[in-house]
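Colleague: Quick check, what structure comes out for this input:
(3 chains)
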Amino acid sequence: MDILDGLNPAQKEAVETIEGPVLILAGPGSGKTRVIAHRVAYLIKTCGVSPHRIMAVTFTNKAAREMEERLNRLIGAALGNLTIGTFHAICARILRRDGKAIGVDSRFVIYDDEDQISLLKRTLQEIGLDPKQYAPRAIASAISAAKSRTMTPQEYVKHTTSYFEEVVGRVYERYQQLLTESNALDFDDLLMKTVLLFRNSDETLAKYHSRYLHIMVDEFQDTNLVQYELIKKLGGKKHNICVVGDPDQSIYSWRFADLRNILSFEKDFPKAKLVLLEQNYRSTKLILETASYVISTNQLRKPKELWTDNDQGELTNVVETYTEQEEAQFVVSEVEKLVEEGKAKLGDCAVMYRTNAQSRALEEAFIRYGTSYKLVAGTRFYERRETKDIIAYLRVIQNPSDSVSLLRIINVPGRGIGERSLSQLSSWAKSLGISQYETLRLITEQKDDGEQTPPFGSRIVKALVGFHGLMEEFIARSRELDLVDLFDLVTGRAGYEQYLQSGKDGEERWENVLELRTVAGEYRHLPPPEGLTAFLEGVTLVSDVDGLDETVDAATLVTLHQAKGLEFPVVFIVGVEEGILPHFKSFAGAEQMEEERRLCYVGITRAKQRLYLVHAFRRNLMGSSTPSTPSRFLDDIPKRLIASGGLWQGEEGRVMPPLYSSRAKTPAPNVPSSDVPSLKPGDHVRHAQFGNGVVVNCRTVEGDKEVVVAFTSGVGVKKLLLSFARLEKKE
DNA sequence: CGAAAGGCTCTTTTT
DNA sequence: GAGCCTTTCG
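Modeller: Prediction:
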């Protein structure tokens, strides 16, 4: 089979242009993944390029895996050592191998978000800054912004322009020191240090230059400046760089992804070949048109013409429900209906939402209906307390300097080592200029550095020595045990199972540990040091969608961000409301609002056959129920593209009882019932402004009654609060 | 030292 | 609604 078979002219051009820089602007569903796969296959099979000399960067590990599978089908097992993976994974590999040129120890551990925040809190405390006044998250974000521009602390403090930045500068300096002392890198470091490595070590750069002949980058619209510099550096003089992206699908600016990279690419490589992929193979004509209307409202974009040969398809369903519980109920019952009618399989359906919190109501409804679903990382597995505890033990084994992990587990399970002792340990370590673990060693060996005696009571010393002995045993045994045996040794000797089982949700938590053990099993075949390193790297650099299993026939629940790169025959987007999509946080600026619109666009363009945009009239936000209005994005869709239907009436025309009557526990004070009529569905009423109507539904909401009335006067269906709307009951 | 209880503050997206 | 912090008491 020829690799170019079945490609359209634009796709063919993208695949065949292998010399020099190429910029592919690809609309949704235009086959960009296919183009990348075929391009790699073409390079290897037709042009005889060794896989060893090709790098393909994907956005998630899952995308990398799928790319590999695709290539395997295209060219068989001749993949050799093709470099394929996310920026972070590729950089971690480079730094492990060659980082020592800039002082990065190959046993470094990677700090995730949570570790980063925990270290930042410690930094703030040390400097004497109030974490309430300087939110660790805000500082983390500022540091991340700096690192995304390859700004070291030294450079940062030179360029501060505000008091806040000055504070950030001070924190950044110390934070980075602590990272170095812990022999740890945060996510941004993986990228930044790799760039610094290439900047500062000509030898290393030359090594990679002579290796990589072709570089390909997917989702280029979501890369940041460091990543761009990395690509340019790796691309060498030949500039055989091929980037693929879609400005309309840029949704990570908050992570400092910079759309200007696309403009810069055209400027930096004026001879770059530009390829436009505008034919959509995914969606129906109507869905594509709906999407185009939503995105074309954005001002800061280049218009482009997408088209498709696909069927006209069906109108978009815009549906309103009363509450988010009913929204969820509607989604599940509609899914069930489609499946029953043979219009879709369960696995064809996906539900997308703006915030993770929204998944809860959906999950409850799916459970209630007994409909199977897969949730992409709910309370994310690798962020669970018990999972991270075990990982922390393993990290300290790999790298005893890792202070964040050490402090996390030194008293878990409880060993009587409290906060006071810990801060003493830390300050003692600091004054001696050694790591906490080294300090433990000193205490064990009773070497008190000549004059200074350990500032601990005998009970604490005993506990510290005990813990140190435990870890020493783990470290010693880790040299010979495979990962699963090491895992069992750790959980067993540390008494972790017992500790969990005696606590809350012990059984469930222990099962999570066992699940982690299963993951460890995948690394069992690797010899001792590598198995542990690979496992720890794997569990830190996973992305949520990595766990998605397409072979399971169940509905998929994902955030809109996670949905990028996926496609489904049936898509429900829920919470299409002001404040949710677009999110409150984006009200401040036009640029953020445009990103919300792109997010909506990404969601819509995931749909192949059927699209549902659902919004609720009331939504629970932070514990209390508030009214919600339909999203402005719905206004961008012409009425002719929308199916009539509107308000959901429940199954078989009846309104379902509420799923959960949590309000029953706290009876709300009743509205004085004297002048407010009691109404039920079917009652005829009169409103001063809207005229006569029939009650469709009513519901008690926070001590008030919410009534839905269908008016006969032409104003249609209205929702009213009984205490405000002066409704008159008619007999 | 640590478990338990009560009060506080949030609005998001994640490699 | 939940996560985080502080306070209180054994």
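Colleague: Can you name the residue of the stretch 301-450 of chain A nearest to DNA strand B?
Modeller: At 2.5 Å from DNA strand B, A:Gly418 is the closest residue in the stretch 301-450 of chain A, using CB to the nearest atom of the strand. C-beta: built from backbone N, CA, C; applies to glycine.
Colleague: Provide a list of residues in contact with that residue.
Modeller: A:Gly418 is in contact with A:Asn411, counting by CB atoms under 8 Å, 6 or more residues apart in numbering.
Colleague: Please tell me how far it sits from A:Leu470.
Modeller: Relative to A:Leu470, A:Gly418 is positioned 18 Å away (CB to CB, to the nearest Å).
Colleague: can you map out the helices along the stretch 301-450 of chain A?
Modeller: A:324-340, A:359-369, A:385-398, A:403-409, A:419-432, A:436-445 (DSSP state H, counting those that start in this stretch).
Colleague: and the stretch 51-200 of chain A, which residues reach DNA strand C?
Modeller: A:121, A:131 (CB under 7 Å from any atom of the strand).
Colleague: near DNA strand B, which residues of the stretch 51-200 of chain A show up?
Modeller: A:59-60, A:86-89, A:112-113, A:187.
Colleague: Just the ones of the residues you listed in helices?
Modeller: A:87-89, A:113, A:187 (DSSP state H).
Colleague: What sits closest to A:Leu362 if chain neighbours are left out?
Modeller: Nearest non-adjacent residue to A:Leu362, counting by CB to CB, 6 or more residues apart in numbering: A:Ala328, 4.6 Å away.
Colleague: How about the contacts made by the one you found?
Modeller: With contact set as CB under 8 Å, 6+ apart, A:Ala328 has these partners: A:361-362, A:364-366, A:574, A:659.
Colleague: tell me the least confident of these?
Modeller: Among the contacts of A:Ala328, A:Leu659 has the lowest pLDDT, at 39.
Colleague: low-confidence ranges in the stretch 251-400 of chain A?
Modeller: Within the stretch 251-400 of chain A, the stretches with pLDDT under 70 are A:377-379.
Colleague: Which residues of it lie near DNA strand B?
Modeller: Residues of the stretch 251-400 of chain A lying near DNA strand B by CB under 7 Å from any atom of the strand: A:251, A:254-255, A:354-357.
Colleague: Isn't A:Gly236 up against A:His209?
Modeller: Yes - A:Gly236 lies in contact with A:His209 (CB atoms under 8 Å); the separation is 4.3 Å.
Colleague: Show me what residue of chain A gets nearest to DNA strand C.
Modeller: For chain A, the residue closest to DNA strand C is A:Gly623, as judged by CB to the nearest atom of the strand, at 2.4 Å.
Colleague: how far away is that residue from DNA strand B?
Modeller: A:Gly623 sits 6 Å away from DNA strand B, going by CB to the nearest atom of the strand, to the nearest Å.
Colleague: Neighbours of that residue, how many?
Modeller: 5 (other CB atoms under 10 Å).
Colleague: likewise the one 3 residues further on?
Modeller: Under the neighbour criterion other CB under 10 Å, A:Thr626 is assigned a count of 11.
Colleague: and it, what does it touch?
Modeller: Listed by CB under 8 Å, 6+ apart, the contact partners of A:Thr626 are A:618-620.
Colleague: Work out for me the element it sits within.
Modeller: Using DSSP states H and E, A:Thr626 sits within strand A:624-627.
Colleague: Residue ranges in the stretch 501-650 of chain A under the pLDDT threshold?
Modeller: Along the stretch 501-650 of chain A, segments meeting pLDDT under 70 span A:645.
Colleague: residue of it with the smallest distance to DNA strand B?
Modeller: Proximity of the stretch 501-650 of chain A to DNA strand B (CB to the nearest atom of the strand) peaks at A:Ser543, 2.9 Å away.
Colleague: The residue lying closest to A:Trp510 once chain neighbours are set aside: what secondary structure?
Modeller: Spatial nearest neighbour of A:Trp510, chain neighbours left out: A:Leu500 (5.0 Å); criterion: CB to CB, 6+ apart. Secondary structure assignment for A:Leu500 (DSSP: H, G, I helix; E, B strand; the rest coil): helix.
Colleague: burial count for A:Leu500?
Modeller: A:Leu500 has 23 neighbours, counted by other CB under 10 Å.
Colleague: quick one: it and A:Glu511 touch, right?
Modeller: No - the pair A:Leu500 and A:Glu511 does not pass the contact test of CB under 8 Å, sitting 9.7 Å apart.
Colleague: List the contacts of A:Leu500.
Modeller: Counting by CB under 8 Å, 6+ apart, A:Leu500 makes contact with A:386, A:506, A:509-510, A:513.
Colleague: Pick out whichever of those sits closest to A:Met151.
Modeller: A:Met151 has its nearest neighbour among the contacts of A:Leu500 in A:Glu386, at 36.8 Å by CB to CB.
Colleague: is it true that the closest one touches A:Glu511?
Modeller: No - contact criterion CB under 8 Å: A:Glu386 and A:Glu511 do not qualify, at 9.5 Å.
Colleague: Those two - which one has more neighbours?
Modeller: Using other CB under 10 Å, the more surrounded residue of A:Glu386 and A:Glu511 is A:Glu386, with 22 against 13.
Colleague: can you pull the contacts of that one?
Modeller: Each residue near A:Glu386 by CB under 8 Å, 6+ apart is listed here: A:500, A:509-510, A:512-513.
Colleague: biggest separation within those residues, which pair?
Modeller: So, the contacts of A:Glu386 by CB to CB: farthest apart are A:Leu500 and A:Asn512, at 9.0 Å.
Colleague: Return the distance of stretch A:149-168 from the chain's centre.
Modeller: 28 Å (CA atoms, centre = their mean, to the nearest Å).
Colleague: hmm, who's touching it?
Modeller: A:129, A:134, A:139, A:142-143, A:146, A:169-170, A:172-173, A:175-176, A:192, A:195-196, A:225-226, A:229, A:256.
Colleague: Tell me the buried residues within those.
Modeller: Buried subset of the contacts of stretch A:149-168 (neighbour count, 16 or more other CB atoms under 10 Å): A:129, A:134, A:139, A:142-143, A:146, A:169-170, A:172-173, A:175-176, A:192, A:195-196, A:225-226, A:229, A:256.
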